[in-house]
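S.K.: Sequence below, structure please.
(6 chains)
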Number of protein chains: 4
Amino acid sequence: MPKRTFNRLDDDKKERVMRAAIEEFQAHGFEKSKIEVIAHNAGVAKGSIYQYFDDKKELFLYSVTWALEYFMKVIDRQTPLKDMDVYEYFLSGSRERFELLKREPLLVEFSMDVASGKYASLAKEANSELYRIGEEYELRLIDNGKKRGTIRDDLDDKILLLFFQGVTEKFTREIMARAKDFKYEPTEEHFREMESFIKSMVSLLKQGMER
Amino acid sequence: MPKRTFNRLDDDKKERVMRAAIEEFQAHGFEKSKIEVIAHNAGVAKGSIYQYFDDKKELFLYSVTWALEYFMKVIDRQTPLKDMDVYEYFLSGSRERFELLKREPLLVEFSMDVASGKYASLAKEANSELYRIGEEYELRLIDNGKKRGTIRDDLDDKILLLFFQGVTEKFTREIMARAKDFKYEPTEEHFREMESFIKSMVSLLKQGMER
Amino acid sequence: MPKRTFNRLDDDKKERVMRAAIEEFQAHGFEKSKIEVIAHNAGVAKGSIYQYFDDKKELFLYSVTWALEYFMKVIDRQTPLKDMDVYEYFLSGSRERFELLKREPLLVEFSMDVASGKYASLAKEANSELYRIGEEYELRLIDNGKKRGTIRDDLDDKILLLFFQGVTEKFTREIMARAKDFKYEPTEEHFREMESFIKSMVSLLKQGMER
Amino acid sequence: MPKRTFNRLDDDKKERVMRAAIEEFQAHGFEKSKIEVIAHNAGVAKGSIYQYFDDKKELFLYSVTWALEYFMKVIDRQTPLKDMDVYEYFLSGSRERFELLKREPLLVEFSMDVASGKYASLAKEANSELYRIGEEYELRLIDNGKKRGTIRDDLDDKILLLFFQGVTEKFTREIMARAKDFKYEPTEEHFREMESFIKSMVSLLKQGMER
DNA sequence: TATGAATGAGACTTCATTCAT
DNA sequence: AATGAATGAAGTCTCATTCAT
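M.R.: Alright, predicted model coming up:
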């Protein structure tokens, strides 16, 4: 959706523009975000933004795509283990995922907000893709669990998914909020707290869903 | 927070203004909502809105308060039983709560969105009140459960609360979405579906939290 | 096509706005005309123009209508004699028509330019009405002439009309250009020139069209 | 008025640029014409246009000159007979002139519009030249006629010229409009219509102007 | 108090022109 | 000489808020 001009830009400038955009959207929401500020923060002229994107909305939409693709790359690298247990998933990767949050708090928060519908009115389409990808992954986890006999099979997958999502989203947000408090620079103390926190979540998840 | 002028209005006009405001905010979000449209839909002049409220933000903030107070009245009437079990709470009141959703879908949706942070940037203060009230109630339910021995006591109240909220919010939204699909006019079939759906949720909640 | 707000304005302001608009459009053409200038010259705020009209184009379109209607009123008063000869038409009314040009050079010029297609890309619709009205009148004159036997009947009305229009438009423009030179303040000398000029035109018209 | 760079271009590129420019100007008018579109349609880069011309206005002005010169060449070839009667002029060359319109409708239309003042605000200078050339030719025709005694001598040359121009412009436009309707691909039927049309015009012209 | 016209700051967007490669 | 990205002045339009009646 960006124009050809944007794609031809060198990677550094592209990244500067996208990060400036996401930062602005995340800080002020779509309506109150100003193209001028984004341009300024990206170090380009206001007019240039319009060489890259048709309008503000296109810029936003591509911001979503860009963040999504960023994670695709990173996460692919991080989770090569595919046949994983739902619970392991959280317990194992927690440090890695925390590293990600620490490295890219902006992108993580933005993605979370997009995924949870904060920009729903704009990003219906962009969202749906993001949604589907996440859901598919989670449904596979659930399916795995049922096959192994670690997840109860008296309930519909769809319902288990809702349960799973409800719990994990809530806890993830809480973690993000806490991490922001210590500016993504956790002490060992913080780490232990996080892990205990996740363990509690997993315990609730597990006990709720187990056969 | 409305001006004196607003309080002196007759109840009908007050209600028309508040409903028009909530409808507009809910439909278009704060930024894109137009005072002129609100005024028109409420059947008053644009200028009048400024006789009632300092500015758009005040109008929004009071919309939150107004919706909240509306439910306070209604819910008080509906749940006189205070010493209730967490699980009963959902199973018992489901039909009543559905009635409420049917009668006031706009207010219910608006409140849900406010509560889940859709208007976070505006309503920090208004939110916190709403939050606290809900939380207090839920914490009491949890506390009750612990005392009776129906809820595990190896986990912090705060964590149980997150779990509880995560699950119930997710399921509530799902119910609302489905209800919207059949325009809040459920057949008996729908009702049975709802109840089975809630039962599943309660089962997950219960199994997750139980001792 | 103006908004309700415009129609409710007092006549003086309406007129100020329309004249300022026509003046600007006539002086700079549609594209280079600035709403801000129009507003300023009309003594209103830029934003007010947008209370009156949806956008610049609507303002232009209504300018055409307004000028047209202005002449409808004036001309109706001036030519009550309906069953007139084509040639008399010019010879008789010349002084009156000159008065009109003197009184309203702006409107006359604007109308002429609209009629002759200067703004064709914008005003297709608005134009067509203006066109039809003028044409109908002229066709009736031609028809009259044929019936009386003063106009040759070996040619199609449509062709005679083209001839008539071609000649009169050209001469009218010439007269307007000359009148502008002496700033619409003709001396007697000027008047005599004008009349001789028109007589020449009529002579050519007559001789060309007569049986 | 183009820069040296332009003159050095090979003829093909020069022609592509000029035709692209004229097409754009004719389609959208000066203000709404975009340099970028012209460049694209000519198959050159936007920046190149500025290597050829100082600015948009220069490009336009030269477009006028270029079209004019094009006709100079062509018409010279077509009308070697200089001492022609005014009326023959039309009757004789009609097929040839129609061929020209068919071959170069764009240039013909553009020239007509320039000549009749559509771009008056820009092309005062360019216009005056075009004007003078046409006028001189026509004045010579009139003078010829007077000398031969085929044109009345009770009227000023200037007035006869106006008459002549008024009529011929009007009829020419009509012909062009009709020709456009059948996409410049006339059937024999069309041709006969055209000729009869021109004959009518000549008849009117002749009768009007004759002694 | 109610009304609705008036205001103007402020945002988006366009595009001729410049400039670095 | 050719290219096309960069620039920013300038113009349109929106709408919260004010104000006169």
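
S.K.: So A:F98 sits against A:P186, correct?
M.R.: Yes. At 7.1 Å, A:F98 counts as touching A:P186 under the criterion of C-beta atoms under 8 Å. The way it works is simple: take the backbone N, C-alpha and C, and place the C-beta from them, glycine included.

S.K.: Find residues that contact each of these two.
M.R.: A:179, A:194 (C-beta atoms under 8 Å, 6 or more residues apart in numbering or on different chains).

S.K.: Which helix in chain A has the most residues?
M.R.: helix A:120-148 (DSSP state H).

S.K.: Is that one in proximity to DNA strand F?
M.R.: No. Helix A:120-148 does not reach DNA strand F (C-beta under 7 Å from any atom of the strand); its nearest approach is 13.9 Å.

S.K.: What is that helix packed up against?
M.R.: helix A:56-78, helix A:86-103, helix A:105-115, helix A:157-181 (3 or more C-beta pairs under 8 Å, 6 or more residues apart in numbering or on different chains; DSSP states H and E).

S.K.: got the CA coordinates for the first one in CSV?
M.R.: The C-alpha trace of helix A:56-78 is given here as CSV (Å, rounded to 0.1, in the frame of the first residue of the first chain):
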residue,chain,number,x,y,z
LYS,A,56,-2.7,9.4,6.6
LYS,A,57,-4.8,6.4,6.6
GLU,A,58,-2.6,4.5,4.3
LEU,A,59,0.3,5.4,6.5
PHE,A,60,-1.5,4.0,9.5
LEU,A,61,-2.5,0.8,7.7
TYR,A,62,1.0,0.2,6.6
SER,A,63,2.3,0.8,10.1
VAL,A,64,0.2,-2.1,11.2
THR,A,65,1.5,-4.3,8.4
TRP,A,66,5.1,-3.2,9.1
ALA,A,67,4.9,-4.0,12.8
LEU,A,68,3.3,-7.3,12.0
GLU,A,69,6.0,-8.2,9.5
TYR,A,70,8.7,-7.2,12.0
PHE,A,71,7.4,-9.7,14.5
MET,A,72,7.0,-12.4,11.9
LYS,A,73,10.7,-12.3,11.2
VAL,A,74,11.7,-12.1,14.9
ILE,A,75,9.3,-14.7,16.2
ASP,A,76,10.1,-17.1,13.5
ARG,A,77,13.6,-17.0,14.7
GLN,A,78,12.7,-17.4,18.3
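
S.K.: quick one: contacts of it?
M.R.: A:1-2, A:18, A:21-22, A:25, A:30, A:33, A:35, A:38, A:49, A:52-53, A:93, A:96-97, A:100, A:104, A:107, A:110-111, A:114, A:119, A:122-123, A:125-127, A:129-130, A:133.

S.K.: Out of these, which end up buried?
M.R.: Buried subset of those (neighbour count, 16 or more other C-beta atoms under 10 Å in any protein chain shown): A:2, A:18, A:21-22, A:25, A:30, A:33, A:35, A:38, A:49, A:52-53, A:93, A:97, A:100, A:104, A:107, A:110-111, A:114, A:119, A:122-123, A:126-127, A:130.

S.K.: The worst-scoring helix or strand of chain A on mean pLDDT near chain B anywhere?
M.R.: None of the helices or strands of chain A scores lower by mean pLDDT, DSSP states H and E than helix A:86-103, at a mean of 79. No. Judged by C-beta under 8 Å from any C-beta of the partner chain, helix A:86-103 and chain B are separated, with a smallest distance of 12.9 Å.

S.K.: Is DNA strand F within reach of stretch A:8-22?
M.R.: Yes. Contact of stretch A:8-22 with DNA strand F (C-beta under 7 Å from any atom of the strand) involves A:8-9, A:13.

S.K.: Now intersect those residues with the helices, please.
M.R.: A:8, A:13.

S.K.: top of the residues of stretch A:8-22 next to DNA strand F by neighbour count?
M.R.: A:L9 (17 neighbours; other C-beta atoms under 10 Å in any protein chain shown).

S.K.: same question for the helix or strand where A:A20 lies, mean pLDDT?
M.R.: Here A:A20, judged by DSSP states H and E, is contained in helix A:11-32. Helix A:11-32 carries an average pLDDT of 97.

S.K.: Only the buried residues of it, if you could.
M.R.: Those would be A:14, A:16-26, A:29-30, for helix A:11-32 by 16+ other C-beta under 10 Å.
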